[in-house]
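Novice: Would you be able to build a 3D model of this:
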Amino acid sequence: MAATTKHFEAVPQVAADAEVRGRNLIVMKFGGTSVGDTQKIKDVARRLVTARETGQRVVGVLSAMGDTTDELIRLAQEVSPQPHPREYDMLVSVGERISNALCAMAIRDLGHEAVSLTGSQAGIVTDTVHGKAKIVEVRARRLNEELDKDRIVLVAGFQGVSTDLEVTTLGRGGSDATAVALASALGGACEISTDVEGVFTADPRVVPDALKLPRISYEEMLEMAASGARVMMARSIEIARRYGVPLHVRAAHGKTEGTWIGEEAGLVLEKAIISGVTHDTSEAKASILAVPDRPGVAALVFRALADAGVNIDMIVQNSSAEGTTDITFTLPKTDLAAAEPILERLAKETQAKGVVYDPEIAKVSLVGAGMKSHPGVAADMFEALAEAGINIEIISTSSIRVSCVVRASEVERAVRAVHERFRLFAEERVNG
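Specialist: The predicted model follows:
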């Protein structure tokens, strides 16, 4: 039997035997709260066995149990204020191996064959960036061999092996990327089981009457994930969209239908203007003050940040005044430590007046594919915030998203105000 290998940076090439298998294969991913204790792991084992007994070939991807990863991070920081990246990955990759091994034991006790694999054993090859590696290839030979033995295969999410043969981790939410990449390589569908019933028009903890969406496009889900929705990791949506992996987000424990994510052409979107309102409190704002307004300065700043692995989101450059301008942008709070020395150095080199940082911001976003053909959506959002007395500091838009930076203390009120303004359109999306 030929091995099935998927190169994630190239045009997708799936071997014919994998395509045939994929018609009856499902990858089922379970998050940390879904496997928070041994009883929940036993429940997950039953879910996997039930899927196998319907005749499907089953691959399970389990996150670490509950707060295991946070506890491992705490231990690392107690030992070293700046843990070595390689050893850090070696440590935090352990949690997923524990939950998958325990689940394999539970499946065997239910009378089915199972095998747990590390990311490297499953053939997940990544780049060499520790802490937030990207999957570049899945070598699926071992997976196919185990599936051909009628085994339920359990793969430790969140991890892989680099092209330098080192253990790497994929960053927060990395088990989503593991599951979607495996589904792509094996030719199957992917089911994301979590502690919510699907994708909602807003975070139900902030907006109790938020509506569950029965279906949503890859593009909308990608924008929602990138702008704060925690249901799925943004990078996993990118992989699914690139390779056409059908996604189903549903509750880990229960039988209710969740939310299907797929191609826009295959969804009923004619009535839908918006899909949802998301919010993100994980970013900070940085401003370089009175930068000389000349060609190349912005390129110098953002190239240096990119080379340091700092992710930049929203960028605003003010109009020139007396030959200088302010450059303001948002970035993850976790990247501030890496960004600050770079920005201080660049401020001196460019003769700027200095740099100021503001961690007390949040981003509220309105997402919907229907916005492309409905003028006035941005104005309605701005009016809703104005009527609530909420000031907008930065605005960023795409064809299906409008994002506003507001004070962190006001973000929940902002979400509720915008969601209420667009609730009618959300109801059309759910019922139409």
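
Novice: Hmm, Gly123 and Ala181 touching each other?
Specialist: No: taking Cβ atoms under 8 Å as the definition, Ala181 is not a contact partner of Gly123, at 10.1 Å. (Glycine included, C-beta is placed from N, CA and C.)

Novice: Could you check what's spatially nearest to Cys404, not counting adjacent residues?
Specialist: With Cβ to Cβ, 6 or more residues apart in numbering as the measure, Ile392 is the residue that lies nearest to Cys404, at 4.6 Å, once sequence neighbours are left out.

Novice: what residues are up against Ile239?
Specialist: If a contact means Cβ atoms under 8 Å, 6 or more residues apart in numbering, then Ile239 has Phe8, Ile135, Ala177, Val180, Ala181, Ser184, Val245 as its contacts.

Novice: Looking at those, which is nearest Asp326?
Specialist: Of all these, the one with the least separation from Asp326 (Cβ to Cβ) is Ala177, at 36.1 Å.

Novice: related to what we said a few turns ago, out of the contacts of Ile239, which are inside helices?
Specialist: Using DSSP state H, the members of the contacts of Ile239 that fall in helices are Ala177, Val180, Ala181, Ser184.

Novice: Make CSV from those residues and add pLDDT and distance to Val92 to it.
Specialist: Compiled in CSV, these are given as follows (pLDDT from 0 to 100; distance: Cβ to Cβ, whole Å):
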residue, pLDDT, distance to Val92
Ala177, 94, 15
Val180, 96, 21
Ala181, 95, 19
Ser184, 95, 25
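
Novice: Next, the contact list for the closest residue to Glu410 other than its chain neighbours, please.
Specialist: Leaving aside its chain neighbours, Glu410 sits nearest to Ile390 (5.1 Å; criterion: Cβ to Cβ, 6+ apart). Neighbour list for Ile390: Val406, Arg407, Glu410, Arg413, Ala414, Ala417 [criterion: Cβ under 8 Å, 6+ apart].

Novice: just to revisit the earlier point, ok, now how distant is the residue nearest to Cys404 from Ser193?
Specialist: Using Cβ to Cβ, to the nearest Å, we find Ile392 at a distance of 37 Å from Ser193.

Novice: And for Ser398?
Specialist: When distances are taken as Cβ to Cβ, Ser398 and Ser193 turn out to be 30 Å apart.

Novice: Comparing those two, which residue is more hemmed in?
Specialist: Neighbours around Ser398 and Ser193, counted as other Cβ atoms under 10 Å, are more numerous at Ser193. The numbers are 24 against 15.

Novice: His248 is in contact with that one, correct?
Specialist: No: between Ser193 and His248 there is no contact under Cβ under 8 Å: 9.1 Å.

Novice: List the contacts of the helix or strand Val59 falls within.
Specialist: For Val59, the enclosing helix or strand under DSSP states H and E is strand 57-62. Under the contact criterion Cβ under 8 Å, 6+ apart, strand 57-62 has outside partners 21, 24-30, 35, 41, 44, 48, 51-52, 96, 99-100, 103, 143, 147, 152-157, 175, 178-179, 182-183, 186, 188.

Novice: Just the buried residues of the contacts of Ile390.
Specialist: Under a neighbour-count criterion of 16 or more other Cβ atoms under 10 Å, the subset of the contacts of Ile390 counted as buried comprises Val406, Glu410, Arg413, Ala414, Ala417.

Novice: These in strands, which ones?
Specialist: Counted as lying in strands by DSSP state E, out of the buried ones among the contacts of Ile390, are Val406.

Novice: what would the buried ones among the contacts of Ile390 look like in TSV with distance to Phe200 and pLDDT?
Specialist: As requested, those are exported to TSV (distance: Cβ to Cβ, whole Å; pLDDT from 0 to 100):
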residue	distance to Phe200	pLDDT
Val406	21	96
Glu410	21	96
Arg413	18	96
Ala414	17	97
Ala417	17	95
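
Novice: quick one: contacts for Thr328?
Specialist: The contact partners of Thr328, taken as Cβ under 8 Å, 6+ apart, are Lys285, Ala286, Ser287, Ile288, Ile315, Val316, Gln317, Asn318, Ile394.

Novice: Tell me which of Ala181 and Gly123 has more neighbours.
Specialist: The neighbour count for Ala181 versus Gly123, taken as other Cβ under 10 Å, is higher for Ala181 (31 against 24).

Novice: ok so, going back, how far away is the residue nearest to Glu410 from Pro341?
Specialist: Following Cβ to Cβ, the distance that separates Ile390 from Pro341 is 34 Å.

Novice: how close does the residue lying closest to His253 once chain neighbours are set aside get to Val61?
Specialist: Spatial nearest neighbour of His253, chain neighbours left out: Asp43 (6.0 Å); criterion: Cβ to Cβ, 6+ apart. According to Cβ to Cβ, Asp43 stands 16 Å off from Val61.

Novice: more crowded one of those two?
Specialist: Remark: of Asp43 and Val61, Val61 carries more neighbours, 31 against 16, as counted by other Cβ under 10 Å.

Novice: beta partners for Thr330?
Specialist: Partner residues in beta bridges with Thr330: Lys285, with DSSP bridges as the criterion.

Novice: Check whether it really touches Ser403, as I assumed.
Specialist: No: counting by Cβ under 8 Å, no contact exists between Thr330 and Ser403, whose distance comes to 9.5 Å.

Novice: Overlap of the contact sets of those two?
Specialist: Met314, Lys363.

Novice: low-scoring pLDDT stretches of the stretch 251-400 of the chain, where are they?
Specialist: 265-272, 321 (pLDDT under 70).

Novice: need the helices for it, in chain order.
Specialist: Remark: helices of the stretch 251-400 of the chain, listed N- to C-terminal, are 297-307, 336-349, 377-387; assignment by DSSP state H, counting those that start in this stretch.

Novice: Now the longest one: buried residues?
Specialist: When you say that, I think you mean helix 336-349. Neighbour-count burial for helix 336-349 [16+ other Cβ under 10 Å]: Leu336, Ala339, Ile342, Leu343, Leu346, Ala347.

Novice: So which elements touch that helix?
Specialist: Using 3 or more Cβ pairs under 8 Å, 6 or more residues apart in numbering; DSSP states H and E, the elements in contact with helix 336-349 are strand 283-292, helix 297-307, strand 354-358.
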